[in-house]
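Participant: build me a model from this:
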Amino acid sequence: MVHLDLPYVEIARPFRVKRSKVVREGELERVVRQAVASRQSATSVLILLDADRDCPADLGPVLLGRASAATDLPVRVVLPAIEIEAWVLADVESVRGVRGIASDAVTPEDPESVRDAKKALSSRMEGARGYVATSDLPALMTQLDLDGAAQRSSSFQKLCRDVISLCG
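Facilitator: Model prediction:
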């Protein structure tokens, strides 16, 4: 079970960078330095990046090493298998009725293997409304059942462990 029984944690506004750009040599390091400098009260760095076609077990440690070299703050890197939307698919039942998710939406058997999770979320929405990541994902994530998602998503479990380790 996931228990994020943490003290109050202030999360800074995300520092968004295109994935294709941030994986380039030198760019991640520049972004980490810039993000830390612009958030002077920061006590840690969490990098969240879709794995896309890369193996998280291969890319994660590389990015962690590069990011850690750019700051003295504790750093964690979490790569959702393929796309972050797979986390919502991992317990889509818990977000039924939120942002147009249909009342009969069900979790796919292996949500982390879904190649186009954004399209899969759109197909679970009522009417002609399609999934819009920038507005729908934050709303869906705030309603997502953490335990349900963690049961079906090892990358979500890793996020929970990493958040606990950064805050603990």
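
Participant: check contacts around the spatially most distant residue from the centre of the chain.
Facilitator: Distance from the centre of the chain peaks at Gly127, with 26.8 Å (CA atoms, centre = their mean). By CB atoms under 8 Å, 6 or more residues apart in numbering, the residues touching Gly127 are Gly100. Every residue, glycine included, has its C-beta placed from N, CA and C.

Participant: repeat that for Thr134.
Facilitator: So Thr134 contacts nothing (CB under 8 Å, 6+ apart).

Participant: low-scoring stretches of this structure, by residue?
Facilitator: Filtered on pLDDT under 70, the chain yields the residue ranges 1-7.

Participant: now the strands for it?
Facilitator: Applying DSSP state E to the chain gives strands spanning 45-48, 75-78.

Participant: contact partners of the last one?
Facilitator: For strand 75-78, the surrounding residues in contact (CB under 8 Å, 6+ apart) are 32, 44-49, 60, 63-64, 67-68, 155, 158-159, 162-163, 165-166.

Participant: I only care about those residues that end up buried; give me the ChimeraX line for that.
Facilitator: Buried residues among those (16 or more other CB atoms under 10 Å), as a ChimeraX selection:
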select :32,44,45,46,47,49,60,63,64,67,68,155,158,159,162,163,166
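
Participant: so which of the contacts of strand 75-78 belong to helices?
Facilitator: 32, 60, 63-64, 67-68, 155, 158-159, 162-163, 165-166 (DSSP state H).

Participant: from those, which is closest to Asp116?
Facilitator: Ser155 (16.6 Å; CB to CB).

Participant: pretty sure the closest one contacts Leu89?
Facilitator: No: judged on CB atoms under 8 Å, Ser155 makes no contact with Leu89 at a distance of 11.9 Å.

Participant: what segments of this structure are helices?
Facilitator: 19-22, 27-38, 56-68, 85-89, 117-123, 133-143, 146-152, 154-167.

Participant: among those helices, which is nearest Val98?
Facilitator: That would be helix 133-143 among the helices of the chain, by CB to CB, at 4.9 Å.

Participant: next one: that closest one to chain centre, how far?
Facilitator: Chain-centre distance of helix 133-143: 11 Å, with CA atoms, centre = their mean, to the nearest Å.

Participant: now do the contacts for the residue lying closest to Ser154 once chain neighbours are set aside.
Facilitator: Distance criterion CB to CB, 6 or more residues apart in numbering; nearest residue to Ser154, sequence neighbours excluded, is Glu112 at 7.0 Å. Glu112 sits next to Pro80, Ala81, Ile82, Ala86, Ala90, Arg152, Ser153, Ser154, Ser155 when contact means CB under 8 Å, 6+ apart.
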